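Colleague: Any chance you could fold what I've pasted below:
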Amino acid sequence: MKRLALPLAIAAILLPELAGAFSVSPAVIELSGNRGTSVTSQVVVKNTAAVAQTYYLQTIKFAARENSGSPMFISPQVDRSGLPQWIALSKTRVTVQAQSQATVPFTVAVPTDVASGSYEAAIVISTTPFTTNDTSIQAHTAVLVLFTVNGETNAKLALLDFGPAGKNGASGSASGTFQYRVQNQGNVFVTPTGTVTVKDAFGRVLAEADANPDGGRVLPGMTRTYEGSFQSDLFAFGPATAVLNLTYADDAPALVSSYSFWVLPMIPLAVLGIVLVGICLAVIAVRRSKR
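Modeller: So this is what the prediction gives:
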């Protein structure tokens, strides 16, 4: 299958991008419904230019990139099955006056014979019309639609690994970077939440960081890597441990992992070394003077 990735600045939490002189909101729409029902929502197109502008809308498929939060969009000429076909836009073209905005409602009609779980689509907004002969999607930005069909849903996230983002060695302070990988083994998208807590050998908390500050989601069947950093202004020396504690569903156990590293502050150690050398030289000098 030929897939077309758009160069959108939608990162791990999938944020909206100002494109030219317009923007759309929200960045992500999360909906749910039962089989055989209809669910309504809307997108807002804001024209920030000094003149009126016509915008074109269509629905397309997207897939999550492995180990990344950025979506990979699929041309409707290649595949438009699933959620894009369930979505009916009230308008596929809208003219917005300068410094104004327009609301475009849409309806999701859930088929009666689909499996429970999460489905994905994107509503693409462009300043140029879409044609069936397009070999690329001339889109400026998009709204991601995540829809969950109620029923036999299963939220299951596996923690694959957790460690430093880089070399695992001694550090000059209790600050550093971390990364972890999770795999969605269920049939609904999940948003892991939690903290990374760094403690010294005595149990003193040196630093704490949000494990997913952007609220990045993991789609079913996908693996995603998260990275972050923790900062500490406290003096520490010796072994330290970073502990990851993740939650993603009310009825699921927390995912916990840890790794250890050494904190070796170079300047204090250098000063201590100089002091020790000075003491040794003084002792030697005193002994020699007594002879």
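
Colleague: Who are the packing partners of the strand or helix carrying V108?
Modeller: Assessed by DSSP states H and E, V108 sits inside strand 100-109. Secondary-structure packing of strand 100-109 (3 or more CB pairs under 8 Å, 6 or more residues apart in numbering; DSSP states H and E): strand 38-47, helix 83-86, strand 87-89, strand 93-96. To be clear about C-beta, it is placed using only N, CA and C from the backbone, and glycine gets the same treatment.

Colleague: Pull out the buried positions in it.
Modeller: Going by neighbour count (16 or more other CB atoms under 10 Å), the buried part of strand 100-109 is V104, F106, V108.

Colleague: Same question for stretch 179-193.
Modeller: Buried-residue list, stretch 179-193, by 16+ other CB under 10 Å: Y180, V182, N184, G186, N187, V188, F189, V190, P192.

Colleague: where does that stretch sit relative to the chain's centre, distance-wise?
Modeller: 11 Å (CA atoms, centre = their mean, to the nearest Å).

Colleague: same question for stretch 101-118, mean pLDDT?
Modeller: For stretch 101-118, mean pLDDT is 97.

Colleague: no wait, stretch 163-173
Modeller: 76.

Colleague: how about the helices of the stretch 151-291 of the chain, start to end?
Modeller: Using DSSP state H, counting those that start in this stretch, the helices of the stretch 151-291 of the chain run over 266-290.

Colleague: that older thread, any chance of the buried residues of strand 100-109 in JSON lines with distance to S81 as columns?
Modeller: Shown next, in JSON lines, are the buried residues of strand 100-109 (distance: CB to CB, whole Å):
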{"residue": "V104", "distance to S81": "23"}
{"residue": "F106", "distance to S81": "18"}
{"residue": "V108", "distance to S81": "15"}
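
Colleague: Tell me the buried residues in stretch 239-251?
Modeller: Those would be A240, A242, V243, L244, L246, T247, Y248, A249, for stretch 239-251 by 16+ other CB under 10 Å.

Colleague: got it, and stretch 31-47?
Modeller: Result for stretch 31-47 [16+ other CB under 10 Å]: buried residues G33, V39, S41, V43, V45, N47.

Colleague: any idea which of those is closest to A165?
Modeller: V43 (35.4 Å; CB to CB).

Colleague: Wait, the closest one touches L144, no?
Modeller: No. Here V43 lies out of contact with L144, judged by CB atoms under 8 Å, at a distance of 10.6 Å.

Colleague: shared neighbours of the two, which are they?
Modeller: With contacts defined as CB atoms under 8 Å, 6 or more residues apart in numbering, the residues shared by V43 and L144 are I29.

Colleague: What ranges does the stretch 151-291 of the chain have for its strands?
Modeller: 157-164, 176-184, 193-200, 205-210, 223-230, 238-247, 255-263 (DSSP state E, counting those that start in this stretch).
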